[in-house]
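Engineer: Here is my input; please provide its structure:
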Amino acid sequence: HRFNENFEIGVPVYEVKVEGGRLLLNPDPVKKGKPLPESHSGLNRPIRREEGPIRVAGISTTMMTLSHPRYSTSEDLLQTALDHARDELGAETKLLRVREMKVRPCEGYYSKAAEACIWPCTITRGDRDDEMREIYEAMIHWADVFLVATPIRWGAASGLYYKMVERMNCIQNQITINNRVLIQNKVASFIITGGQDNVQMVAGQMLGFFAELGFLFPPFPFIGHSLGWEAEKMERNMEFVKGSASLHNGAKALVQRAIEFSKALLDSPICTAHIERAGRKASENAGSET
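Structural biologist: Numbers count the residues shown, from 1 in each chain. A predicted model of the protein is given here:
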């Protein structure tokens, strides 16, 4: 069964009235609740790292017209990092461009109740066309290193970045409602570029958010670039990034730090103990839909 884009998860509605200072409720619902769709995505399987090299997922959150692509400074540096990770460091890599994916915005189930924001996400359960599941799959099950690239838009990360991370509330909320940590021993790093300043403020939000999910960070976990408020000629900015050996070398060094840190985590006795505990907990939680 395929749910359409307008699917709703409803709760029962009851008739109530106040009479003589008492609240009276008719136990027969005026509107019956709609059942929660079962997860068809496979995302709720036990979380176990498969054998193999370090895996790096690159996420580009820059927006552009799909039929008329343009040069992106953040995505260019991201591609440099991924190429270096694959060709020089022996990692497996994957690039996801959020602009090319059908990702529905968060619909605020947490605003109704913490227990209404579940894993896998209600939207992903109900809409088979929602491609946020690919980002969930890369983040939760596949990647050891999560490398996110964003432009600076009015002093903040891109709108696509916020659209993506709002859909990650269901990951963090598992800690709140189930004491279930989905992100363990994973590394995040960031690439931030723009025609105007605010690299450090964007980095601060990203570091804070991904820390709340459970990610760890290598030394110097982001690189950034802008020409500054008074010199934001975008044509000049693009040419500057294209020809900047220091920025492209910085992207290579960034992913190398992230990979080295990931290897150290995976080789540590603490990480091994976490993996063993996670495996036992995954077995206990197997089949759980929340």
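Engineer: so what does the longest helix belonging to the chain touch, helix or strand wise?
Structural biologist: Using DSSP state H to assign secondary structure, the helix with the most residues in the chain is helix 245-267. For helix 245-267, the contact count by 3 or more CB pairs under 8 Å, 6 or more residues apart in numbering; DSSP states H and E identifies strand 55-60, helix 73-87, strand 145-151, strand 187-194, strand 222-226 as packing neighbours. For every residue, glycine as well, the C-beta is placed using N, CA and C.
Engineer: Would you indicate which residues of the helix or strand just after the shortest one are buried?
Structural biologist: Past strand 222-226, further along toward the C-terminus, the next helix or strand under DSSP states H and E is helix 234-242. When neighbours are counted by 16 or more other CB atoms under 10 Å, the buried residues of helix 234-242 are found to be N237, M238, V241.
Engineer: mind listing what's buried in the longest helix of the chain?
Structural biologist: Neighbour-count burial for helix 245-267, counted by 16+ other CB under 10 Å, picks out 247-248, 250-252, 254-259, 261-263, 265-266.
Engineer: Can you list the buried residues in stretch 222-234?
Structural biologist: F222, I223, G224, H225, S226, L227.
Engineer: In contact with I177, which residues are there?
Structural biologist: Listed by CB atoms under 8 Å, 6 or more residues apart in numbering, the contact set of I177 reads A114, E115, C117, I118, T290.
Engineer: which of these lies closest to A149?
Structural biologist: Comparing the contacts of I177 against A149 with CB to CB places C117 closest, at 26.9 Å.
Engineer: For T93, give me phi and psi.
Structural biologist: The main-chain torsion angles of T93 are listed as degrees, to the nearest 10 and equal phi -130, psi 160.
Engineer: for it, which residues make a bridge with it?
Structural biologist: Using DSSP bridges, the bridge partners assigned to T93 are V56.
Engineer: Against I59, how distant is it?
Structural biologist: Using CB to CB, to the nearest Å, T93 is found at 12 Å from I59.
Engineer: Help me confirm that I118 comes into contact with C170.
Structural biologist: Yes - with contact taken as CB atoms under 8 Å, I118 and C170 are classed as touching, separated by 6.2 Å.
Engineer: circling back: closest to M139 out of the helices and strands packed on helix 245-267?
Structural biologist: Ranking the helices and strands packed on helix 245-267 by proximity to M139 (CB to CB) places strand 145-151 first, at 6.0 Å.
Engineer: what are the pairing partners of the closest one, and which direction each?
Structural biologist: Applying DSSP bridges, you get strand 55-60 (parallel), strand 187-194 (parallel) as the partners of strand 145-151.
Engineer: what's the most buried one of the ones you listed?
Structural biologist: Comparing the strands paired with strand 145-151 by mean neighbour count (mean count of other CB atoms under 10 Å), strand 187-194 ranks first with a mean of 27.
Engineer: Now do the helix or strand following it: which elements does it pack against?
Structural biologist: Past strand 187-194, heading to the C-terminal end, the next element that is a helix or strand (DSSP H and E) is helix 199-213. Counting contacts by 3+ CB pairs under 8 Å, 6+ apart, helix 199-213 is packed against strand 145-151, helix 169-178, strand 187-194, strand 222-226.
Engineer: at 6 Å instead, please
Structural biologist: Secondary-structure packing of helix 199-213 (3 or more CB pairs under 6 Å, 6 or more residues apart in numbering; DSSP states H and E): helix 169-178, strand 187-194, strand 222-226.
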